[in-house]
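S.K.: Provide a 3D model corresponding to the input given below.
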Amino acid sequence: MFIEEELDRYIYWIEERERIRTKKEEEGLDPPWTDDKILQEYKFCQVFRDDDRTSRWFIEHMRDPLRMSPEVFMATVIFRWFNLIQTGETILKYDLHTDWDPTIADVQIRKQNQWITGAYVIKSPDGLDKLQGIIRCINYMWYRKDEILEEVYNRMDSMQKMWEYLRGFPFQGPFMAYEIVTDLSFTMFLKDATDRLTWANAGPGAMRGLNRLTGRPLDFKKKSNDWVGEMNELYEICKLRLSPSILKSNRHAFELREIEGGLCEFDKYSRILKGEGRTRSKYVHNKSV
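M.R.: Numbering: from 1, shown residues only. Predicted coordinates for the structure are as follows:
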């Protein structure tokens, strides 16, 4: 089903991107960590989402400390709506992740030079600035958190069912809902989800990656297509072809989330390689990060 040349490139991207992280973080080597000019020049996400800088901060300061407490649900919702370490530090300083106060949030977060992530688009209500809009969205869920948690408890067996539930809230798009569900899969809410290894939400980038692998037009995006089935097929291939250091890492489990995220980055890599366009994210080495 998959084109072998494209599949080889997908496997290569995972292996080489992880080698870069290992050389930089574990071996402490100076750049360049690869001979691949594209990977030297452009910024790519980590193979494991939990290795991204923002996720690491969130895991250490919020997700792990609260992972077995019901408070982790709203803490995750609140942080991921901003997805910025600077805002996370403000949220933590004023305990807004466990005791949300919209007035304090507005006053304190507004003092920052940046409020939200620039990594992806965050939608919010029209007629309000971005901070006021996000606060309104959080308010909507915070003041209903008891009834929300009651419903959430009924969906703890399935990541997909939790994602579908979150999608019902204003401005909870498929991407952000999936970010929240992914975090919750490491907490009391979804750690035992039966579809942890069989379901993932294929975003636009993952769809393009699958289109490359199968030879379909890159803009193909029919909802009726079995995107999850294709990701599962790719997952089985990766379990046979990826190095043991990735599959059996002591740090992270290689799951379907890594397949989905890798497809997006593979598409970006392929786009540059084939001269189909560039990405605005250039890599700048920062020894402090």
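
S.K.: Read off the pLDDT value for the residue nearest to W115 when sequence neighbours are not counted.
M.R.: Distances taken as Cβ to Cβ, 6 or more residues apart in numbering place L131 nearest to W115, at 5.0 Å, with adjacent residues excluded. Glycine gets a C-beta too; all of them are placed from N, C-alpha and C. As predicted, L131 sits at a pLDDT of 96.

S.K.: now swap in P244 and tell me
M.R.: Per the predicted model, pLDDT is 93 at P244.

S.K.: Equivalent analysis for S281, please.
M.R.: 69.

S.K.: Repeat that for R251.
M.R.: pLDDT for R251: 85.

S.K.: wait, doesn't it sit right on F48?
M.R.: Yes - R251 sits in contact with F48 when judged by Cβ atoms under 8 Å, with a separation of 7.4 Å.

S.K.: Would you agree the residue nearest to W115 is in contact with Q108?
M.R.: No - between L131 and Q108 there is no contact under Cβ under 8 Å: 10.5 Å.

S.K.: nearest spatial neighbour of K191, skipping sequence neighbours?
M.R.: Closest to K191 by Cβ to Cβ, 6+ apart is S185, at 6.5 Å.

S.K.: gap between the one you found and R56?
M.R.: Distance of S185 to R56, given as Cβ to Cβ, to the nearest Å: 17 Å.

S.K.: Looking at R251 and F48, which one has more neighbours?
M.R.: F48 (22 against 8; other Cβ atoms under 10 Å).

S.K.: So for that one, what's the nearest residue that isn't a sequence neighbour?
M.R.: Per Cβ to Cβ, 6+ apart, closest to F48 is H252, 4.4 Å.

S.K.: Then T187?
M.R.: R67 (4.3 Å).

S.K.: Might one say that the one you found is in contact with M188?
M.R.: Yes - counting by Cβ under 8 Å, R67 touches M188, with 6.5 Å between them.

S.K.: Enumerate every residue touching the residue lying closest to F220 once chain neighbours are set aside.
M.R.: Spatial nearest neighbour of F220, chain neighbours left out: N211 (5.2 Å); criterion: Cβ to Cβ, 6+ apart. Shown in contact with N211 (Cβ atoms under 8 Å, 6 or more residues apart in numbering): 217-220.

S.K.: what touches both of L131 and Q108?
M.R.: Listed contacts common to L131 and Q108 are nil; contacts here mean Cβ under 8 Å, 6+ apart.

S.K.: quick one on the thing from earlier: which one's more surrounded, S185 and R56?
M.R.: Counted by other Cβ under 10 Å, S185 and R56 do not tie: S185 has more neighbours, with 18 against 13.

S.K.: Could you check the pLDDT of that one?
M.R.: 97.

S.K.: got the contact list for the most centrally placed residue in the chain?
M.R.: What sits nearest the mean C-alpha location of the chain, by Cα atoms, centre = their mean, is E179, with 5.0 Å. E179 makes contacts with 80, 83, as judged by Cβ under 8 Å, 6+ apart.

S.K.: R216: how many residues sit nearby?
M.R.: 15.

S.K.: do G261 as well
M.R.: 23.

S.K.: so how far is S55 from it?
M.R.: 11 Å.

S.K.: what touches both of those two?
M.R.: Common neighbours of G261 and S55 (Cβ under 8 Å, 6+ apart) are R49.

S.K.: Quick one: residues contacting R110.
M.R.: By Cβ under 8 Å, 6+ apart, R110 lies in contact with L131.

S.K.: try Y94
M.R.: 101, 104-105, 108.

S.K.: Please enumerate the helices of the stretch 1-150 of the chain.
M.R.: With helices called from DSSP state H, counting those that start in this stretch, the stretch 1-150 of the chain shows them at 4-21, 37-41, 53-58, 64-66, 71-82, 85-93, 102-109, 130-142, 145-153.
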